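Asks: Mind looking at a prediction? Sequence and model below.
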Amino acid sequence: MITIAVDCMGGDHGPSVTLPACAAFLASHPDARLLLVGRPEALSRLPAALDAARCTVVPATEVVTMDDPVEVALRRKKDSSMRVAIAQVKDGAAQAAVSAGNTGALMAIARYVLKTLDGIDRPAIATQMPNATGGATTVLDLGANVDCTAEHLLQFAVMGSALVAAGGRDAPSVGLLNIGEEVIKGNDVIKQAGVLLRQAGERGDLNFHGNVEGNDLFKGTTDIVVCDGFVGNVALKASEGLASMIGGFIREEFSRNLFTRLAALVAYPVLSAFKHRVDHRRYNGAALLGLRGLVFKSHGSADAFAFEQALVRAYDAAHHQLLDRVKARIAHAAPLMQAPVSPAPVAG
């Protein structure tokens, strides 16, 4: 049985979303069980569809709100549902934890409670974005690290490769997000990161494709795209906005005159399929990589379907032993991570 600790109180909606999502998840995963973490009074009436035999309520007296400063969440709310859920992973009671709560607080608490893996300076947030191939591009970092060194970007690439490989993709390709494909493009950090990533590719630590540009995220040029958290977060929000725009376009066309309604009706199967493909709810559930335990972040405004996807991603990570895979890749790449960076290419 794979056990997942769920912060039932986190996010914009709390138990009204997390509990139905837990019920749907258990229905499709008979070898899973859940630790439902939260205020006992809020979890006293579990949905009838929830398999109570595979659930255990773990009490927590406090809740980290979406507006709480990191300092408050970390230092003052020591019995929050978020912290108690992560503690279940540290104590070995669960293989993974999932929360839709405050991202900054989740990263800070997870890093404090679980600590980082040897060889990793900063954990990173990784998630998938739909691409034109019908699959998804894994992007990291998505906001945990606004300022990164070349070594940090190498660490992200190594961890991202382990994440995608755990999903069944052998030797996933890695692209470094830049303003052009040429090796002389970009700032000093990006050029130095390119040197490290090429060396890692030559050593067999990862499958480095080279520099990629913003449109490659959605083309599916590489399986993984590495960037700093500032750029990654902007790209993530842009992709979510695109999905919302497409949904709004479909609704608008059905509300116009008779001709446009008829045209929209004819095109509806194609439009609907496209909307489904780019629906960001299907890709909900970002991994916090680099920790001594598995933690997944759901979008704060996630509905029950989206939160269920985050549970599925946590389950898959535990099932495929993602943590062991990350450790193994870090150990293999350790000599390069600790070596001095060679001079970056300069424009001739």
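Replies: That came in fine, so what should we check first? Numbers count the residues shown, from 1 in each chain.

Asks: From now on I want contacts and neighbour counts done on CA atoms only, so please keep to that.
Replies: Fine.

Asks: Low-confidence stretches in this structure?
Replies: 242-279, 338-348 (pLDDT under 70).

Asks: all strands for it, in order.
Replies: Along the chain, the stretches classed as strands by DSSP state E are 2-7, 32-38, 55-59, 96-99, 124-130, 136-140, 173-177, 207-212, 224-226, 286-289, 294-297.

Asks: Could you export these as TSV, including distance to residue 333?
Replies: As requested, the strands of the chain are arranged in TSV below (distance: least, Cα to Cα, whole Å):
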stretch	distance to residue 333
strand 2-7	29
strand 32-38	33
strand 55-59	39
strand 96-99	25
strand 124-130	17
strand 136-140	18
strand 173-177	15
strand 207-212	13
strand 224-226	16
strand 286-289	16
strand 294-297	21
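
Asks: Throw these into JSON lines and include mean neighbour count and distance to residue 309, thanks.
Replies: Shown next, in JSON lines, are those (neighbours: other Cα atoms under 10 Å; distance: least, Cα to Cα, whole Å):
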{"stretch": "strand 2-7", "mean neighbour count": "27", "distance to residue 309": "13"}
{"stretch": "strand 32-38", "mean neighbour count": "24", "distance to residue 309": "14"}
{"stretch": "strand 55-59", "mean neighbour count": "18", "distance to residue 309": "18"}
{"stretch": "strand 96-99", "mean neighbour count": "29", "distance to residue 309": "11"}
{"stretch": "strand 124-130", "mean neighbour count": "25", "distance to residue 309": "12"}
{"stretch": "strand 136-140", "mean neighbour count": "27", "distance to residue 309": "14"}
{"stretch": "strand 173-177", "mean neighbour count": "25", "distance to residue 309": "24"}
{"stretch": "strand 207-212", "mean neighbour count": "22", "distance to residue 309": "28"}
{"stretch": "strand 224-226", "mean neighbour count": "30", "distance to residue 309": "20"}
{"stretch": "strand 286-289", "mean neighbour count": "26", "distance to residue 309": "10"}
{"stretch": "strand 294-297", "mean neighbour count": "27", "distance to residue 309": "11"}
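
Asks: Of the ones you listed, which is nearest residue 151?
Replies: Closest approach to residue 151 among the strands of the chain (Cα to Cα): strand 224-226, 11.9 Å.

Asks: still on that earlier bit, for residue 240, which of the strands of the chain is the nearest?
Replies: strand 124-130 (9.0 Å).

Asks: The closest one vs strand 136-140, what angle?
Replies: Counting by axes from the mean of the first three to the mean of the last three Cα atoms, to 10 degrees, strand 124-130 points 160 degrees away from the direction of strand 136-140.

Asks: Sheet partners, orientation included, of strand 124-130?
Replies: Sheet pairing of strand 124-130 (DSSP bridges) gives strand 136-140 (antiparallel), strand 286-289 (antiparallel).

Asks: Just put those strands in TSV and tack on distance to residue 70.
Replies: As requested, these are exported to TSV (distance: least, Cα to Cα, whole Å):
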stretch	distance to residue 70
strand 136-140	22
strand 286-289	17
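
Asks: Figure out which of these is closest to residue 127.
Replies: Of all these, strand 286-289 comes closest under Cα to Cα, at 4.5 Å.

Asks: which residues does residue 62 form a beta bridge with?
Replies: residue 80.

Asks: what sits against it?
Replies: Taking Cα atoms under 8 Å, 6 or more residues apart in numbering, we find residue 62 in contact with 38-39, 77-81.

Asks: Out of the strands paired with strand 124-130, flag the one nearest residue 200.
Replies: strand 136-140 (17.5 Å).

Asks: Pull the residues that contact the closest one.
Replies: 124-131, 156, 160, 164, 217-218, 220, 222-229, 232.

Asks: If we ignore the residues flanking it in sequence, what's nearest the most centrally placed residue in the chain?
Replies: Nearest to the mean C-alpha position of the chain, by Cα atoms, centre = their mean, lies residue 286 at 1.4 Å. Nearest residue to residue 286, sequence neighbours excluded (Cα to Cα, 6 or more residues apart in numbering): residue 127, at 4.5 Å.

Asks: what's the answer for residue 312, then?
Replies: Computed as Cα to Cα, 6+ apart, the closest residue to residue 312 that is not its neighbour in sequence is residue 25, at 7.1 Å.

Asks: what's the burial count for the one you found?
Replies: If you count neighbours by other Cα atoms under 10 Å, residue 25 ends up with 24.

Asks: contacting residues around it?
Replies: 308, 311-312.

Asks: Show me those that map onto helices.
Replies: Within those, residues falling in helices by DSSP state H are 308, 311-312.

Asks: in the sheet, who's paired with the residue nearest to residue 286?
Replies: Going by DSSP bridges, residue 127 forms beta bridges with residue 139.

Asks: any idea how far it lies from residue 287?
Replies: Note on residue 127: its distance to residue 287, by Cα to Cα, to the nearest Å, is 6 Å.

Asks: One more: residue 46?
Replies: When distance is defined by Cα to Cα, residue 46 is 27 Å away from residue 287.

Asks: One more: residue 201?
Replies: Going from residue 201 to residue 287 by Cα to Cα gives 24 Å.
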